[in-house]
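Undergrad: Show me how the following folds:
(7 chains)
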Amino acid sequence: MQGQNQQQAYDRGITIFSPDGRLYQVEYAREAVKRGTASIGVRTPEGVVLVVDKRTRSPLLEGSSVEKLHKVDDHVGAASAGHVADARQLIDFARQQSQVEHVRYDEPIGVRTLTKNVTDHIQQYTQVGGARPFGVALLIAGVSDGEPRLFETDPSGTSNEWKAVAIGSDRAAIQEYLEDEYETDLTVEDGVKLALRALQEGREDALEGDGVGVAVVDADTETFRELSTEETEEYVADLE
Amino acid sequence: MQGQNQQQAYDRGITIFSPDGRLYQVEYAREAVKRGTASIGVRTPEGVVLVVDKRTRSPLLEGSSVEKLHKVDDHVGAASAGHVADARQLIDFARQQSQVEHVRYDEPIGVRTLTKNVTDHIQQYTQVGGARPFGVALLIAGVSDGEPRLFETDPSGTSNEWKAVAIGSDRAAIQEYLEDEYETDLTVEDGVKLALRALQEGREDALEGDGVGVAVVDADTETFRELSTEETEEYVADLE
Amino acid sequence: MQGQNQQQAYDRGITIFSPDGRLYQVEYAREAVKRGTASIGVRTPEGVVLVVDKRTRSPLLEGSSVEKLHKVDDHVGAASAGHVADARQLIDFARQQSQVEHVRYDEPIGVRTLTKNVTDHIQQYTQVGGARPFGVALLIAGVSDGEPRLFETDPSGTSNEWKAVAIGSDRAAIQEYLEDEYETDLTVEDGVKLALRALQEGREDALEGDGVGVAVVDADTETFRELSTEETEEYVADLE
Amino acid sequence: MQGQNQQQAYDRGITIFSPDGRLYQVEYAREAVKRGTASIGVRTPEGVVLVVDKRTRSPLLEGSSVEKLHKVDDHVGAASAGHVADARQLIDFARQQSQVEHVRYDEPIGVRTLTKNVTDHIQQYTQVGGARPFGVALLIAGVSDGEPRLFETDPSGTSNEWKAVAIGSDRAAIQEYLEDEYETDLTVEDGVKLALRALQEGREDALEGDGVGVAVVDADTETFRELSTEETEEYVADLE
Amino acid sequence: MQGQNQQQAYDRGITIFSPDGRLYQVEYAREAVKRGTASIGVRTPEGVVLVVDKRTRSPLLEGSSVEKLHKVDDHVGAASAGHVADARQLIDFARQQSQVEHVRYDEPIGVRTLTKNVTDHIQQYTQVGGARPFGVALLIAGVSDGEPRLFETDPSGTSNEWKAVAIGSDRAAIQEYLEDEYETDLTVEDGVKLALRALQEGREDALEGDGVGVAVVDADTETFRELSTEETEEYVADLE
Amino acid sequence: MQGQNQQQAYDRGITIFSPDGRLYQVEYAREAVKRGTASIGVRTPEGVVLVVDKRTRSPLLEGSSVEKLHKVDDHVGAASAGHVADARQLIDFARQQSQVEHVRYDEPIGVRTLTKNVTDHIQQYTQVGGARPFGVALLIAGVSDGEPRLFETDPSGTSNEWKAVAIGSDRAAIQEYLEDEYETDLTVEDGVKLALRALQEGREDALEGDGVGVAVVDADTETFRELSTEETEEYVADLE
Amino acid sequence: MQGQNQQQAYDRGITIFSPDGRLYQVEYAREAVKRGTASIGVRTPEGVVLVVDKRTRSPLLEGSSVEKLHKVDDHVGAASAGHVADARQLIDFARQQSQVEHVRYDEPIGVRTLTKNVTDHIQQYTQVGGARPFGVALLIAGVSDGEPRLFETDPSGTSNEWKAVAIGSDRAAIQEYLEDEYETDLTVEDGVKLALRALQEGREDALEGDGVGVAVVDADTETFRELSTEETEEYVADLE
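TA: Next comes the predicted model:
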């Protein structure tokens, strides 16, 4: 048993390995992700659905200012979980990459390419000294060549493509629900419902419309759109 | 139980995560905010109200030199709580951003944009080594496109938009009072009174006119104005 | 007996020697390699075979997004084991080196030269401060002047040429199998089978087609090609 | 009880917060201020008075070389307490700021503006790594638009405006005396006497003329003038 | 007795002296040299012989890829012992120095000059912070003005010229053998045999042809040449 | 009682304050001054006298090479105590400042100005990281506008003007002697004798002519001159 | 008693003072000098003699490659003791300084000036962070304006001029011998003999001609010359 003491010896320097080959700072950054409320992505043939938990601490807080759903480009959106200010940095970086692609090649950036650029950026913060890793995970949803794509980035700079995936608190429970219930031929509407039910699964209290954010990247129009509070509330009301 | 010892191990380096995914230096900076006297913001349809506690330690100290209310631009003001010299740096930064916008686009900076720029600046000090986080929270009040807006920034670089909010010492008690008493259709005058009563709630001794600062960003004129001592004293006198 | 305590004293600084002349950070990076699933290379007169273990954690994860097989140039490919994001950096570096050679000399880069460039890059991260070593090993497979070549790089920046070799978890068992079963006059088809059987040797559960990736650099065409899932599944099915 | 041990853990790094939100290095720099002999400022309608304690350790030391009263500009002077060499750096900085203003705008720098520039400079040394805070406090006395102004700067970079204030050793006793005896309609002559009596209050031995320095910024002439030893001795003799 | 504890105190910083005037990091780098298999140099009037131990860990490893013998220039070669990737850096540096000399003076670099340049480079890594010393020793063999020369470099940046010398594991035993058996009037053939017998002396198992590398810098032709495996095997076979 | 332990906690970092507001590294540098042999300055109306203790460890050492008396400019000289190599750096700096003044203003640098420049330089090494303070004190003697001036600099960057002063070992005893015996109307000759007797006071063995250095800056000629060994020996002989 | 523990606290940082005002790293560098074999300098009216101990560890080592005697310029030579690679750096630096003087002023550099330049270079490594001090002492022998000069440099950057001096191991015994036997009117031949006898004094075994190096800077010809092995052996043979 390695135990507590040894662990302490390795996690103070940001860019070093522990004797068993792990980067503790990166793993602690993953804990920062788990501290954030959940975000869920579901890919359907018709488009990609992003659902985020936006519960606020106070009725006086404007829910619309909770930064969890982000438009990156016309055809790409993202949902985040973890350190809010870090997420904003990565989203800004993604937007710049997207703009650069427009300017250079006069065409929309590929979702996979965009994800690679973002994770390369993240990786730098895990290898070079003088900064800490990003304490945030992203779901990057978009359409490339008519194909809906859904990628996840984690604090190590690894990316994975998913049919459906959750990040943030209660990931394990939500992911298990998704694995049980996901089907490949969902409509977008089905996808939203699946994601909301999965989110409910990971929570003790009932969802409320203004505590949830929903966005869709439509495969046909190749457009990111965040649903209005009304639309969202309707979905939530239908859950029961 | 993690306890005291483990905590000590993680809070000496400024940019690293603890095993449970927290950035201790940022949380300690939040303690610096709590050490400062309170500031309160209240948004009304007619404009945004900022009220600050300016109690001085000595009768020989000029209350007017207590830096808690700051004009940022014609249409934006700010109130701070926490480390005074840090607040001055952020306010200077906000003013520069505001001027840059004027010069570049010949129009006033949006309150949300301004807040984003400020929090991006704050975030840098939490991720890159060689400096400590800012030990201050700001309330940024302004008018964009005729709409009153009220944002809070915290030492992590997170921003939130509020209907009414308090920062600094006794935040919990004041915020609770605001949540109980706030109504959406307040006049500016009501807003000032609400904020003063909330501030009184968090203090043991009675407010005095020269120990309080009040400013308003008016929705119609889109102008930041700090109330004179006389106006303030009248409000305070009316509290009883 | 040197034991645990002494070891702790030397492994915190990234670029220093221990009293017995070892670079602990480099050895811990080797542990990161061992934590990764296995990759296998087999050289035959007809070409070089790369086989990688792509087992996924979840049925919702797209196996194709598991980054273990990489095309570097028309005539060169690579397989990795260890830290995924680090591997991506090295592969990007290798691709750049390859492009530079094309531009400068208008001819394909030699496999040995490419390997040297990559390992020089790796070595820098083991000697100069401010960064950690790369936590990844690569198998670089290619054809130079009609000759199939298979190189391994490790986190110290050492390279070796092999007839057949494994990296990643269970390396010992797989390598032993390869040493017992390897013959120099294999066909490419034999090579794939050998590698798959060796991979099976290191695992407890049976291989499945979509949990394995296979690529070949053909000696005649001097071309890297990743086999389709169908081709791979056929090979796996033939294993029994 | 937090106690000695915890404190030690946080005060070695110059730019970090303690768990209760304090910057220990800044507070220790305040101790350096307390180790210095006292300086006192008194604002009157006729001008601002600065009185400094110049006791020397040896009769062979030239009292005139004790650097505690500094002319900054024609209309601004300063008194310091704490680390002597640090004070000289800040005074040099203040003089440069003053000159820059003359060159840029062809008019004397405002006392408040000057103080802001100095405290911004001080703040940088409390946030960015690689240097320690300034171990000195200043009283900046001057006239702006005919108005006498008296500001204090502390090692955190905070500034305050005062009617009358003391810095350095025995601050508490002197300040208490000032609060009891200060009146707003003092003549400059009264101000000098008040400051000298306050200084005497904080000392056990009797003041002597060559152990005290006195300067005045006159509101009419807007001119800083250090009193001659003879003038000072006369004031001291009158104290009894 | 100074013992273990004191030693630990001094060997963590790379560029500092211990109380008895030693540079521990340099001495630990010497341990890295001892961990490498042996290399031997023998100078004869006809030329300089380099013999290296190339034992491989696995029959599947290509012995030719074991980097222990290096051509530096037409008239200079080198053998290394210790950290393989470090050796490659030094050899690259030596080759550059050699090329620079060709370009600048249009003549081959002197062996002594080349050695000096390499050891100056090594010394920098022992004095200036931010990097570790090179964990490798070199034997630099060449011909200058018709004279065979044989130099050794060590991790401190010291160089020595030898008639015959060994580096790497079992240096002591091999060197003793050389001191007993060396004669000044050897032929190159004798030199190779002496070196091989000396290498055998330091090993428990019998040498095999493909586990040994042999190179010669001929005094007449002033040319470095690595012997073919056949030639080497013949020599090894003759050992019995 | 603070004691030994606490002290150790604060003196390792060069630029930080201890809890009681002291800069330990600066105070330790003062100890380095005390470890040096004494230097004495005496100001008279006719000029400034510098006397230094030049005892050598060995009869084979050339006393003239002991660097304690330094000509800075025609009209300025200096005596040092403490770390010899550090003194040389400060003297070089002073000479450059002096030259710069000649070039810029075509007139000799003021002694006070020169001292300020030197102490500003010293102060930098006490505040900014990456270097240690200077372990040396200087006596700067010169003539400005016909007036003899004598300044002392210490490792904190503080300067003081003196009638007569000692630095280095036995400062306390020598200074006491000077305070008892100094008179303001001394001739230069009297000044030399006073300084020599004071130096004798601090030593157990009798002064010898070649173990002492004497220099004078003459008020009339405004010229620094080091006395010859013969002149010095005559003075020493006259002491009895 | 300060003892072992306290010492450990101060010697890890390279540029800081201990509480008693010493620079431990510099003192440890002096230990590195003592670990080196001895070098001796003797000044005579006819020239300066340098004698170095070149004992080699192995009969196969070329004594001529032991770097202890160095020609710096036509009229200047040097002998070193301590860290060999460090000595080479300082000698290179001295040669550059010498060349620069030739180029700038078209005349040979003064021996004192050269020594000052070298010791200024050494001092930098004792004050500024990021590097360790030089672990070597030099004897710099030369002729300036017809006068033989002999300087010693130490790791602190201090220089001294000597009639006769030893550096390296057994310095105390050798220096005592020199102090007993040195006379000012030696011939160069006498000087060589004195130095050799002094060197013998510090050793247990008898000197041998090829274990000693001798060089002379002749006062008439102003030329540095290293004696041939034959000349040296003759001197050694004459010792008995």
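Undergrad: Only C-alpha atoms from now on, for both contacts and neighbour counts.
TA: Will do.
Undergrad: what are the ranges of the helices in chain A?
TA: A:3-10, A:24-35, A:84-105, A:111-127, A:171-181, A:188-201, A:229-239 (DSSP state H).
Undergrad: right, and those helices - which one's nearest B:Glu230?
TA: helix A:84-105 (40.9 Å; C-alpha to C-alpha).
Undergrad: Residues of chain A that sit close to chain B?
TA: A:8, A:12, A:14, A:25, A:27-33, A:35, A:58-62, A:65-66, A:84-86, A:88-89, A:130-133, A:135 (C-alpha under 8 Å from any C-alpha of the partner chain).
Undergrad: so which of these also contact chain C?
TA: Contacts with chain C within these, counted by C-alpha under 8 Å from any C-alpha: A:Gly130.
Undergrad: Can I get the buried part of the residues of chain A next to chain B as one PyMOL selection?
TA: Those of those that count as buried under 16 or more other C-alpha atoms under 10 Å in any protein chain shown are selected in PyMOL with:
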select buried, chain A and resi 12+14+25+27+28+29+30+31+32+33+35+60+61+62+66+84+85+86+88+130+131+132+133+135
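Undergrad: So what are the sheet partners of the longest strand along chain A and their directions?
TA: In chain A, with assignment by DSSP state E, the single longest strand is strand A:136-144. As defined by DSSP bridges, the strand partners of strand A:136-144 come to strand A:76-82 (antiparallel), strand A:147-153 (antiparallel).
Undergrad: contact partners of stretch A:132-139?
TA: A:14, A:25-26, A:29-33, A:39-41, A:78-84, A:86-87, A:122, A:125-126, A:150-156, A:167-168, B:15-17, B:21, B:127-128 (C-alpha atoms under 8 Å, 6 or more residues apart in numbering or on different chains).
Undergrad: In PDB, could you pull the C-alpha coordinates for that stretch?
TA: C-alpha atoms of stretch A:132-139 as PDB (Å, rounded to 0.1, in the frame of the first residue of the first chain):
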ATOM      1  CA  ARG A 132      -1.200  24.500 -13.600                       C
ATOM      2  CA  PRO A 133      -3.400  22.200 -15.800                       C
ATOM      3  CA  PHE A 134      -6.800  23.400 -16.800                       C
ATOM      4  CA  GLY A 135      -9.400  22.300 -14.200                       C
ATOM      5  CA  VAL A 136     -12.100  21.700 -16.700                       C
ATOM      6  CA  ALA A 137     -13.600  19.100 -19.200                       C
ATOM      7  CA  LEU A 138     -15.400  20.100 -22.400                       C
ATOM      8  CA  LEU A 139     -17.900  18.400 -24.600                       C
END
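Undergrad: re earlier: got CSV for the helices of chain A, with distance to D:Glu183 too?
TA: Compiled in CSV, the helices of chain A are given as follows (distance: least, C-alpha to C-alpha, whole Å):
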stretch, distance to D:Glu183
helix A:3-10, 60
helix A:24-35, 57
helix A:84-105, 51
helix A:111-127, 60
helix A:171-181, 68
helix A:188-201, 68
helix A:229-239, 63
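Undergrad: Between those helices, which one is closest to chain D.
TA: Among the helices of chain A, helix A:3-10 comes nearest to chain D, with 16.0 Å by C-alpha to the nearest C-alpha.
Undergrad: Number of residues surrounding the closest residue to A:Arg55 other than its chain neighbours?
TA: Leaving aside its sequence neighbours, A:Arg55 sits nearest to A:Gly211 (C-alpha to C-alpha, 6 or more residues apart in numbering or on different chains; 4.4 Å). Neighbour count for A:Gly211, taken as other C-alpha atoms under 10 Å in any protein chain shown: 19.
Undergrad: so A:Gly211 sits right up against A:Ser64, yeah?
TA: No: here A:Gly211 does not reach A:Ser64: they are 9.6 Å apart, not a contact under C-alpha atoms under 8 Å.
Undergrad: so where is chain A shaky, pLDDT-wise?
TA: Filtered on pLDDT under 70, chain A yields the residue ranges A:1-15, A:240.
Undergrad: ok, the residue of chain A at minimum distance from chain F - contacts?
TA: Among the residues of chain A, A:Gly130 lies nearest to chain F; the distance is 17.2 Å by C-alpha to the nearest C-alpha. Residues near A:Gly130 by C-alpha under 8 Å, 6+ apart: B:Val128, B:Gly129, B:Gly130, C:Gly130.
Undergrad: Quick check: buried residues in stretch A:229-240?
TA: So stretch A:229-240, judged by 16+ other C-alpha under 10 Å, has buried residues A:Thr229, A:Thr232, A:Glu233, A:Tyr235, A:Val236.
Undergrad: what's the distance between that stretch and the middle of its chain?
TA: Stretch A:229-240 has its C-alpha centroid displaced from the chain centroid by 22 Å (C-alpha atoms, centre = their mean, to the nearest Å).
Undergrad: Same check on stretch A:85-96?
TA: When distances are taken as C-alpha atoms, centre = their mean, stretch A:85-96 is centred 12 Å away from the chain's centroid.
Undergrad: send the alpha carbons of it over as PDB?
TA: The C-alpha trace of stretch A:85-96 is given here as PDB (Å, rounded to 0.1, in the frame of the first residue of the first chain):
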ATOM      1  CA  ALA A  85     -12.900  30.600 -15.500                       C
ATOM      2  CA  ASP A  86     -10.700  27.900 -17.000                       C
ATOM      3  CA  ALA A  87     -13.500  26.900 -19.200                       C
ATOM      4  CA  ARG A  88     -13.800  30.400 -20.500                       C
ATOM      5  CA  GLN A  89     -10.200  30.400 -21.500                       C
ATOM      6  CA  LEU A  90     -10.500  27.200 -23.500                       C
ATOM      7  CA  ILE A  91     -13.700  28.400 -25.200                       C
ATOM      8  CA  ASP A  92     -11.900  31.600 -26.200                       C
ATOM      9  CA  PHE A  93      -9.000  29.500 -27.500                       C
ATOM     10  CA  ALA A  94     -11.400  27.400 -29.500                       C
ATOM     11  CA  ARG A  95     -13.200  30.400 -31.000                       C
ATOM     12  CA  GLN A  96      -9.800  31.800 -32.100                       C
END
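Undergrad: who touches that stretch?
TA: Contacts for stretch A:85-96 (C-alpha under 8 Å, 6+ apart): A:67, A:70, A:72-73, A:78, A:80-81, A:114, A:117-118, A:134-138, B:119-120, B:123, B:156-158.
Undergrad: give me the number of residues near the residue nearest to A:His121 when sequence neighbours are not counted?
TA: Leaving aside its sequence neighbours, A:His121 sits nearest to A:Gly157 (C-alpha to C-alpha, 6+ apart; 7.6 Å). The local packing of A:Gly157 (other C-alpha under 10 Å) involves 28 other residues.
Undergrad: same check, this time on A:Arg95
TA: 19.
Undergrad: how much space between it and A:Thr115?
TA: Per C-alpha to C-alpha, to the nearest Å, A:Arg95 is found 11 Å from A:Thr115.
Undergrad: Same check on A:Asp74?
TA: 16 Å.
Undergrad: who's more crowded, the two?
TA: Per other C-alpha under 10 Å, whichever of A:Asp74 and A:Thr115 has more neighbours is A:Thr115, with 27 against 16.
Undergrad: The more buried one and A:Ala94: what is the separation?
TA: Taking C-alpha to C-alpha, one finds A:Thr115 at 8 Å from A:Ala94.
Undergrad: same thing with A:Ser144?
TA: In terms of C-alpha to C-alpha, A:Ser144 sits 16 Å off from A:Ala94.
Undergrad: Right, I'll leave it there.
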